[in-house]
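[1] coordinates only, sequence not included:
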């Protein structure tokens with residue numbers, strides 16, 4: 001039983017880690033979007049598609 005509990009702890013830690021990283025990454029790209037648009041020469045529509 002201890003082996004299953006240990007596996008569940010490791011699996012849940014990995015899942016929560018992925019959720020945390022994806023949440024942080026999503027909001028960290030938002031301030032950089034105008035800079036990326038300007039450097040790539042993209043318009044408003046491309047930025048809108050990238051942010052959703």
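    Here it is on my side, so go on. Just so we're clear, the structure is a prediction, and the values are computed from it rather than from any experiment.
[2] Might you report the residue contacts of residue 42?
    By Cβ atoms under 8 Å, 6 or more residues apart in numbering, residue 42 lies in contact with residue 36. Placement of C-beta: from N, CA and C, glycine included.
[3] Show the average pLDDT along stretch 2-21.
    Across stretch 2-21, pLDDT averages out at 93.
[4] actually stretch 43-52, not the one I typed
    68.
[5] which residue is nearest the middle of this protein?
    residue 22 (2.5 Å; Cα atoms, centre = their mean).
[6] Can you classify it by secondary structure?
    helix (DSSP: H, G, I helix; E, B strand; the rest coil).
[7] From residue 38, how far out is it?
    26 Å (Cβ to Cβ, to the nearest Å).
[8] all helices of the chain, in order?
    Remark: helices assigned in the chain by DSSP state H are 2-29, 33-40, 44-51.
[9] counting contacts, what elements does the second one pack onto?
    Judged by 3 or more Cβ pairs under 8 Å, 6 or more residues apart in numbering; DSSP states H and E, the packing partners of helix 33-40 are helix 44-51.
[10] And the first one, by the same measure?
    Counting by 3+ Cβ pairs under 8 Å, 6+ apart, no packing neighbours are recorded for helix 2-29 among the helices and strands.
[11] How far away from the center of its chain is that helix?
    12 Å (Cα atoms, centre = their mean, to the nearest Å).
[12] That helix: which residues count as buried?
    When burial is assessed from 16 or more other Cβ atoms under 10 Å, helix 2-29 yields no buried residues.
[13] so it versus helix 33-40, what angle?
    If you take axes from the mean of the first three to the mean of the last three Cα atoms, to 10 degrees, helix 2-29 sits at 70 degrees to helix 33-40.
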